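*Asks:* below is the sequence, then the predicted model.
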Amino acid sequence: MMNMGGKIATDLEIRKLKRLYKKGYSALEIAYNINRPISFVKKYIKKIENKK
């Protein structure tokens, strides 16, 4: 689990975010799908891209 601001992100949310990102979904679409703010999604996408 990761703490990104207020609510802790669950492993399920993180896995879903990664899966949707790899499929080419936009940050807005991912935020809608996992019911999180777009700022959370953008921060996590940056972390994914930095690992590459």
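*Replies:* Arrived safely, thanks for sending. Remember, predicted model here, so these are calculated numbers, not experimental data.
*Asks:* in what helix or strand does the closest residue to N33 other than its chain neighbours lie?
*Replies:* Of all residues not flanking N33 in the chain, L20 sits nearest, at 6.0 Å (Cβ to Cβ, 6 or more residues apart in numbering). Quick note: C-beta positions are derived from backbone N, CA and C, even for glycine. In this structure, L20 sits in helix 11-22 according to DSSP states H and E.
*Asks:* in that helix, what counts as buried?
*Replies:* Buried positions in helix 11-22, judged by neighbour count with 16 or more other Cβ atoms under 10 Å: 13-14, 17, 20-21.
*Asks:* name the helices or strands packed onto that helix?
*Replies:* helix 27-34, helix 38-51 (3 or more Cβ pairs under 8 Å, 6 or more residues apart in numbering; DSSP states H and E).
*Asks:* rerun that using 6 Å as the cut-off
*Replies:* helix 27-34 (3 or more Cβ pairs under 6 Å, 6 or more residues apart in numbering; DSSP states H and E).
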